[in-house]
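J.: Okay, here's the prediction I keep looking at, along with the sequence it came from:
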Amino acid sequence: MSDTPASFQLLRGAPDSPVILHVPHSSPALPADVRSDIVLDDRALQLELDHITDWHTAAMAEAAAQAAPVTPWRFVNQLSRLAVDPERFPDEREEMLAVGMGAVYTRTTHRERLRPDEFDAQPLIERYFHPYAEAMTEAVAERLEAVGRAVILDVHSYPSERLPYELHGDGPRPPICFGTDSFHTPAPLLDAAQKAFAGFGGTGLDSPFAGTYVPLRYYGHDSRVSALMVEIRRDVYMREPGGPADRGIDALADAWAALIAAVDAM
């Protein structure tokens, strides 16, 4: 485990790019004091990280950025989502609280105990969640000021078989799942994504995971901010649950680069 890694990193792109590749779940790193509050032994924790981490998505985003005609910006979480999950609501609005997986998880992917029942999540939210949200908000604000729009592309992966924590996992599990928002995902963005990722055996919408990430300052009222979540089924590019990537990752990076180019041209 890591001692105290940086919580997040903003990797600068071209001044005229509206694209922010958001990579929230790629890291397995846990600060030592966060690890100490988790009740799992090291073996069980590693298995949980294997299941919950979006492995290789940071490397995929990096390769896509290098291949894109105009370099996008990248906002990358440097900590495991077992520290905090920056894409959850930090309060009672979060439906995943029903399975102990709000902004700070208290249960595992298999609904087993992760932290003590009396655990106080607020210090982790103050230490990690709020600074992350503020920095991502500022990154979007900078794109709006520079080019008049921001396009957040959420880089995710998901397991080929349903895990017990999934609230909506009984539907289709296509090779590529697009998570959309009725306000922030315009049709041209979704069309471009469907074309870019057409070569992986099929795409689907909002199943098994729906929605996309937009900072709350802009959510639901600022149409200058567009967003799309791309969930890649892990067997498309790696050995599950936490194994190495295969050559599929190269084709996926090319698809990401094609989507970025299409967004730049809009």
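T.: The structure has been received and is ready for your questions.

J.: distance of Asp254 from Ile260?
T.: In this view, Asp254 and Ile260 are 11 Å apart by C-beta to C-beta, to the nearest Å. Heads up, the C-betas are built off the backbone N, CA and C, glycines and all.

J.: so who does Ser17 touch?
T.: For Ser17, the contact set (C-beta atoms under 8 Å, 6 or more residues apart in numbering) comprises Val70, Thr71, Pro72, Trp73, Arg143, Val147, Asp264.

J.: most surrounded residue in those residues?
T.: Most neighbours among those, by other C-beta atoms under 10 Å: Pro72, with 26 neighbours.

J.: Ala261 is in contact with that residue, correct?
T.: No. Using C-beta atoms under 8 Å, Pro72 makes no contact with Ala261, being 9.9 Å away.

J.: Distance from stretch 50-59 to the middle of the chain?
T.: Its chain's C-alpha centre and that of stretch 50-59 lie 9 Å apart, by C-alpha atoms, centre = their mean, to the nearest Å.

J.: Give me the contact list for that stretch.
T.: 23-28, 76, 80-82, 108-110, 155-159, 163, 232, 234, 237-238, 241-243, 245, 249.

J.: Ends of that stretch, what's the gap?
T.: End-to-end distance for stretch 50-59, by C-alpha to C-alpha, to the nearest Å: 17 Å.

J.: where along the stretch 101-250 of the chain do the strands fall?
T.: Secondary structure of the stretch 101-250 of the chain (DSSP state E, counting those that start in this stretch): strands located at 150-158, 176-179, 203-205, 225-233.

J.: Sheet partners, orientation included, of the second one?
T.: Here the strand partners of strand 176-179, with direction, are listed using DSSP bridges: strand 203-205 (parallel), strand 225-233 (antiparallel).

J.: Pull out the buried positions in the shortest one.
T.: Looking back up the chat, that one is strand 203-205. Buried residues in strand 203-205, counted by 16 or more other C-beta atoms under 10 Å: Thr203.

J.: and it, how far out from the chain's middle?
T.: Remark: strand 203-205 is offset 17 Å from the chain centroid, using C-alpha atoms, centre = their mean.

J.: which outside residues touch that strand?
T.: Strand 203-205 has contacts (C-beta under 8 Å, 6+ apart) with Pro172, Pro174, Pro175, Ile176, Cys177, Phe178, Thr180, Ala193, Gln194, Phe197.

J.: Next, the contact list for the first one, please.
T.: Pro172 sits next to Gly204, Ser207, Pro208 when contact means C-beta under 8 Å, 6+ apart.

J.: how about the helices in the stretch 101-250 of the chain?
T.: Along the stretch 101-250 of the chain, counting by DSSP state H, counting those that start in this stretch, helices occupy 122-124, 130-147, 187-196, 248-265.

J.: In space, what's closest to Glu166 - neighbours in sequence excluded?
T.: Spatial nearest neighbour of Glu166, chain neighbours left out: Pro208 (6.1 Å); criterion: C-beta to C-beta, 6 or more residues apart in numbering.
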